[in-house]
Each structure stands twice: as structure tokens, then as C-alpha cells.
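> Build me a model:
(chains A and B)
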Amino acid sequence: MRLTDASVVIRPRTSWEAIDLGVLLAQRHRALLMTSWAIVTLPVFALLTLLLWDYPSVAVLVFWWLKPAYERLPLLILSQALFGSAPSLRQALKSLPSALTPQLIASLTWRRLSLSRSFYQPVQQLEGLDGLPRAQRIAVLGQKDPRAARLLTALGSTLEMTFWIGLMVLFYAMIPPQIEADWSWRSLLDIEGEWNWLEHLTNGFYALVLIVWGPVYVSCGFALYLNRRTALEAWDIELGFRNLRQRVLGSALALLLGGFFALTLLPSSVMAASASIQSMPEEIPSESGNSCPLPPLDNPQTDEDVAPPDSPRLLNQPLTSQASQNAIHAVLEQPPFKNPKPVSGWRIAQPKHDAQSAETPNWLARLVVGLLNTGKTLSAVFGALLWALLGITVAWVMWRYRAWFATFVGKSPPKATAPQDIPHQLFGLQVRAETLPTDVADAAERLWQQSPREALSLLYRALLSRLLTDYQLPLKSADTEGQILARIAELKQPPLDDFSHELTRHWQNLAYGHRLPPDQARQTLCSGWRKLFAQGAGA
Amino acid sequence: MSDQPSEPGHAAQHLPTLESTAVEHTQSEPATASGSHQAQQRQRAIHLAQAVRHELQKAVIGQDAVIDDVLTALIGGGHVLLEGVPGLGKTLLVRALARCFGGEFARIQFTPDLMPSDVTGHAVYDMQSEQFKLRKGPLFTHLLLADEINRAPAKTQAALLEVMQERQVTLEGRALPVPQPFMVLATQNPIEQEGTYPLPEAELDRFMLKVRMDYPHAEQEQEMVRQVTRSTRSDMLDIQPLRTLMQAKDVLALQRIASDLPVDEQVLDYAVRLARATRTWPGLTLGAGPRASIALIRGARARALLRGGEFVVPDDVKGCALAVLRHRVRLAPELDIEGLSVDHVLKQLLDQVAAPRR
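The predicted structure follows:
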């Protein structure tokens, strides 16, 4: 490999520029690359299709898996074409077996899924490295451009899918509408054979897509690799020197000849001096390569030779050098020496040179920085103001629409806590247990004499109170008597149900129909109450 | 009135004599109502109403609540707007009612090209007598079925306004009363809004109740399918076997008895509070007007009669509140966007307005 023979301009490029170069490289040798790729892959594809006729998906998977093997040949061609003449198709195919064999297993197994495959491929194929040296080499190469290489692979797979689907759609578009009308995927699925050929046809599209994209991918990876080596080994500088030498070689010869002639024409008195100069090198034979002698070392044993800090003698002392070093480091990390403190704000960039730029005077720069810092403070104040405004707005909205919220928001939580906050008043009746007499039935019987209305009201109130406390019925003030009866019916307690119906009937007759209850109702209602709530009457 | 018993097609033929005489009594001697006599009349009216309900339930299966509402409107002297998807028996219900009710029945199929004169009637020139004669439209009847009322343009819908409120039609400058009782049963279809004209608020307000028909329950639907497939008509329930239970006078008597039912001040207050609550209720942009309060009380009276009660209780008001209010309020747009319906908001309202206090 001779750099001067390179067919591309060797200079450091950005990684994307390098990929672009790879595309151009593949474009220049497209016929050779694509033909050779097709000659290698299409037979493999045909063989796989025949072997795995019943498993089209497996066939295309295997074909895809073997991609690193196909990529060997394009790299071989590209490497020869870059530093010399491109091989002919026959030569390339002849050299394929030798290029294919080394490290093929590794490429097809554990390195298969590497995203930087094309970038590192030249390391194993062109440099022939394996094992630890390869790993080290890859570590060096991969310090800079691995991201571009990975993105290249991701982009490549996307392009492959795009072209593949594009070809399938193209194929579908080619079907005449008459046939398309009968195009039923179900029927195709039903007939085994027909489905398989279609699958294999789409697999074939993938093989066709790879003929175009495969060489480009290899070429781009190769260009990335070249670019990395150019940067690492300073190929461009080397090339520069070589050009310089070529350019300067002729004139240097003339200069030497001129100098020689000038020396021979000098007077002889100087010859003694020159002789003494020529004898100098003999005095220091060991430094024969140097034109100037090293200064003599007056004390070859330095302090470190006598007692280095980690010598046992020093380590055994009460204050070891290790401890003192630690102490020194600790002191150096502390405030007088280091005082890290995050400070943010606008300030003038430190001028690289002492020279002031004439365009921006110092006071103007200071003014700008001052303004910027004021703006920062103001923005903080403004931010606080905005947050406060937001909070106030939310509070105002909640207050303004409190009725709306009370009606529509958070309806379920109060329902859950209904047993706790029992309404104290239903239909204007006090239903709290404290407002009721201890023996409701007795009190009602006594009241009945004076005003039956009071007695019935007391009984109904007591019933509601019992329903709220003993039976935990979620009664609301909006519930009508009928709804309360319906809720009681849900309890499925016939005695309570009957009593409630009876009481409600008398109560409604009195309250809405203005009809006094018959006298025997007193007896039935009071005894009914006693029967139902006898044990809890004193509560 | 006195010739009533001799009428051959009268309900008395089919009904127990007790009920028919009750209706007789209510009509012939309204002024001599002693307490017990009034109670007797009321009992008979209740029996009659319940018999009609029972008869209607035989024809329209699985729509008991709707039947109750329609009878409520009939007894309350109001009009009904029936809303429901096709095939739920809206028209069947009205035809069955007309069958049970011996009065006149007319039907107008509303179409986009229906003119007001097609509804109310118009003057035609009579060649022989050489003068204009009024030809009365289908409005002059007892029961009017306005089928798919929202298919006609606003002009034709407005032709109904006068007759619905004032029970009279002005033709050629003359106000002609329609026969009593008069009841409009309009149907409309909640889907298929293409090419329909939504009823204006003024028109909606004149309907006492807007009744939603929903799908029947599974077992009721099974029963319905069983009966329909057994009937001679291809896809409809036969209303032929229904008995004619009452005449126009009986309906008037029912209406009068219902309006005589006592309403306690607290119940009245409850109805007014319900209607007023819709005006300030968050979630409703438009509340119900005073017609709503009136309709609530009339509906409650009718329901009390149907229930067999002798006075109105808050349950009667609450029972018809949804049907009375749902077409008189307008939902706030934000709740509409949230997908809440008017019924949902009204149910919340009914859950929050306190029942009468005593």
C-alpha cells in the first residue's frame, strides 16, 4: 500500500463526509461491485430457496444472516482499487475463497449482530488481526467514529426495508386490475403452493435490493475506516512531507554541489580548524549519532536513587511519606487552595490576547453585561410573579365556579363518607337521635291525645333516624317518601317494610291529604314500633 | 249528556256498570258533590284510568313508563312529544290510545313540503252556492298524531302553536274551537337529523311532556316478538281486540276529577322550586319557564289519579319531573362536550333539590 498511489484525496474528513466518500467510491466501481455481489449472492439465494421451499421466512432469514460473508468480496475489490488498479471480475472472484475463509465463523456468529460491522471489517480482513490485537485495534479505532458507523447500519436496514417494500408495491401495481379484482389474500393463503411462490418472490426482491445496497454499505464502512486511519497515522502529513521532498530534492542537490564547490575554494588556513572540528566526535564514541555532546553528569546518583518515597525505610517511619502525601493532598483540596463555587451570570469573555479589540470598548461591554445580569434578575422576579399570578388565577377560578365544582366535581368521595355525615334534617324534620325522646312509642302515644299530627311526625322522624343510624341507609334530603320506601324495600326486611309502609301512608295522609289517622292506627303503629325497635328503644 | 247511556258504542258496554255510572255521575251532577259522593266518583275515575292503562299495556309491550306518561298527559290535558328510535312502537301507542278512546283520531305525516293550510284547513270556493266555504283541516279532532313532526319546516310547525295553547284555530279571520278534549301526540326521531327542522323553543314549551322511549327489557321483547309473530298483521301488534273504554266526555271528566285532587302547599312549593332550580342550575344555560311549574302540578295530579291516590304527594311531582323538564332546559355546552345528557343533569338536580318540608 502506497499512499501516493491512493485514488482519493487523503485528508481528514468528518465522519459523514467519509461516508459520502464511500458512496462515491462505490459509485465509481459500481459495475464491478454489483456484478460480483450478484454472482456471489444470487446462487446462494437460489440454493436457499430450493432447500427451504416450505419455509420462505427461514430462507430469507438465513440469507440475511449470511450478509457478512457476501461483504468480503466488495471490500477486497475496494481495497485493491483504492491503492492501485481495480481487479477484473475474474481476478476478484478467484481471490474470493482466500478472502472468505479467515474468521468466517466469528463473523457469522458472535460478531454478526454488531452494528459497527462495516467499520471494523477491514481490521480483520485487510489487517488480518484476530483476538486480543484485534480488540485493541478496534478500541483505538472506535474512539472517534463508532456512532456514525452504527447509524450507517441503522440507516442501511431502513433503506433495505424501504426499497424492499417499494419493490413489493411496484409488483402489486403491475398486476392488471382485472386480476386484481380477484386478488384475495385469503384464497392465496388457503392454497399452500401459491402462497410459497409469492413469499419467495418477495424474498427475491430482498436479494435484489441487497445487490444495490450491500456494496455501498461496505464501501461506506471502508471509507470511515480510512478516514480514521488518516487521522490516527497522519497520512495527510506524511503525504505532505513526501510531496515536499519530491519538490525540494532537485534544488537541494544543487545547493549541496554549490556548497561543496565553495568549500573547496576556501583558503587553506581554515583547514586546521575544520580538522579539529572533525576530530571532536572521536572523544565521545558512545554518542556517535549526535552532533553535539551531552553535558557530563556531575552527580549520577539523584535523591530518588538514594531513598525513593516508597522505600521501606521511609514507609516504616511514624510519619510515612504516603501519609504525608495524603495529608498534603487533603490540605490542597481545601478552601485556601481550592474553593469551587458555582457562579452563573453574564460576563465578558476573557480576551485571548491582551490586545483590546478596537470595535467594542470596555465600558460598552461592561454595560452590556450589566444589562444582561439585570435582565436575569428581572426574569427571576417576573417568573415568580407569573407563578403567583397562576396560583391566584387557579384560586379565583375555583372560587368563581365553586357552585359548579360542588355540583359536578368530586361527587363520589362524599358518597363514600355518607355514613359519617348523617343529615340532621330531612324534610325539615330533626332526625338526630339526641332530639328524639328516649322512648319514642310512649311519647307518641302520649302526644296522640293532644295532637295526632305531632305524634305521627315524631314516629316518622324516629323511623328516619333509625334508618340513618341503625341501617346506614344513605338518605338524602332530596329523597321523597316513595324513594325512602324503595330503599327500605332493598333491605329485604318484611316487618320493617310493612311498618314503614303503614307509617308512611298515615303520614302522607296527614301531611299532604290533611286527613287525620284513625284512632286504631295509634295502637298498631306504637306496638309496631315497639316490636321493631324494642331492644334499642332506650338508645 | 243525558243521552249518554243510549249511545251504542259507549264504553259502558264493555266496562263494569260501576265505572260507567261513575263517569255519568261526574258529568251529570258536578255541583251536588257531597264528600262521600266525590270520593266515590274519584274511585270510579281511578278504576277507569287504570283500566285504560291495563288495556294499553296489552297493545304496547314493555313500555309501561311511557304509557303512564301518555296517560298523564291525557288526564292532565297536555300534549306529548314522543321521542325514540324507529321501531319502538311510538305510532302503535298512539293508535292504541285512539282505539281505547272512542273519540276522533287524525294523523298527519309531517313532510318537508307540508303547508300550514294542510294542517289547519282552508277556504275553498263553492261553485253552487257561489261563496267560500271553510274546509277544516285534520286539526279538528280529539287525538292528533303528528308523526315525525320535525320533518316539516318551521312555518308548518308554527301552525300548531295556536291550537296547542288556546285550543282554537283561526281560519280566514275566524277563531274556530277544536273539539274537547284535544291532545297532540307528536313523534320525532332522535337520530337521522339530516333534513329535519328542530322544534323551536316556543313549540317545545307547549308540550307538557317529552317522553323518551327506550328499548324494552329482554323478557318483554321476547313476549312482544311472540305476540307480533302470532298476529295476522305482518310486523305490527294488532290493536283490533282493544276495547273502547271511554268517550270524549269521560276524558273530560277524568281531567276535571284530576284537577280537583288536593295539592298541599308544600308539594306545590316543591314543584315550583324544582322549576326555579333549573334557571340557576350550573350546567343548564336555559332554565324552564312558568309553564314547567304548571305542567309539573298538572302532571302530578294526573299521576296521583293514575296511582290511585286521593291527593298529590311529592313522589308524583318527582315522577313526572324528568318528562316535564327535559325539553324546556338547555344543556351547557361544556357538559354537552363532556357527553353528559340533559337527563343526567336533571337527575342530579332532582337529587339535590330538597323534598317538601313539613
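> At which residues are the strands of the stretch 251-358 of chain B located?
Ranges of strands within the stretch 251-358 of chain B are B:284-286, B:330-331, based on DSSP state E, counting those that start in this stretch.
> how about those in JSON lines, adding mean pLDDT, distance to chain A and mean neighbour count?
Backbone N, C-alpha and C define where each C-beta goes, glycine included. Shown next, in JSON lines, are the strands of the stretch 251-358 of chain B (pLDDT from 0 to 100; distance: least, Cβ to the nearest Cβ, whole Å; neighbours: other Cβ atoms under 10 Å in any protein chain shown):
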{"stretch": "strand B:284-286", "mean pLDDT": "85", "distance to chain A": "11", "mean neighbour count": "16"}
{"stretch": "strand B:330-331", "mean pLDDT": "86", "distance to chain A": "12", "mean neighbour count": "18"}
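> Compare those strands and give me the one nearest A:I10.
Among the strands of the stretch 251-358 of chain B, strand B:330-331 comes nearest to A:I10, with 77.4 Å by Cβ to Cβ.
> which other residues reach the closest one?
Strand B:330-331 is contacted from outside by B:283-286, B:340-342, B:345, using Cβ atoms under 8 Å, 6 or more residues apart in numbering or on different chains.
> Go again with 7 Å.
Outside strand B:330-331, the residues that touch it by Cβ atoms under 7 Å, 6 or more residues apart in numbering or on different chains are B:283-286, B:342, B:345.
> Also stretch A:31-48?
Under Cβ under 7 Å, 6+ apart, the answer for stretch A:31-48 is A:26, A:59, A:62-63, A:66, A:70, A:73-74, A:77, A:86, A:89, A:92-93, A:207, A:210-212, A:214-215.
> buried stuff in that stretch?
Neighbour-count burial for stretch A:31-48, counted by 16 or more other Cβ atoms under 10 Å in any protein chain shown, picks out A:32-34, A:36-38, A:40-41, A:45, A:48.
> Quick check: next helix or strand after whichever helix in chain A runs longest?
For chain A, the longest helix by residue count, based on DSSP state H, is helix A:192-233. Per DSSP states H and E, helix A:192-233 leads on to helix A:235-264 as the next helix or strand towards the C-terminus.
> now the angle from that following helix to helix A:192-233?
30 degrees (axes from the mean of the first three to the mean of the last three Cα atoms, to 10 degrees).
> for helix A:235-264, what is the average pLDDT?
For helix A:235-264, mean pLDDT rounds to 83.
> what does the model give residue 281 for pLDDT?
Just going to use chain A. Per-residue pLDDT puts A:P281 at 43.
> Switch to chain B, please.
For B:W281, the predicted pLDDT is 85.
> nearest spatial neighbour of it, skipping sequence neighbours?
In space, B:W281 comes closest to B:L349 once its chain neighbours are excluded; the distance is 5.5 Å by Cβ to Cβ, 6 or more residues apart in numbering or on different chains.
> neighbours around the one you found, how many?
21 (other Cβ atoms under 10 Å in any protein chain shown).
> Now do the same contact list for it.
Neighbour list for B:L349: B:277-278, B:281 [criterion: Cβ under 7 Å, 6+ apart].
> Which residues are in contact with A:D145?
Contact analysis of A:D145 by Cβ under 7 Å, 6+ apart lists A:15, A:119, A:224, A:228.
> The last one and chain B: what is the separation?
Which is A:R228. 60 Å (Cβ to the nearest Cβ, to the nearest Å).
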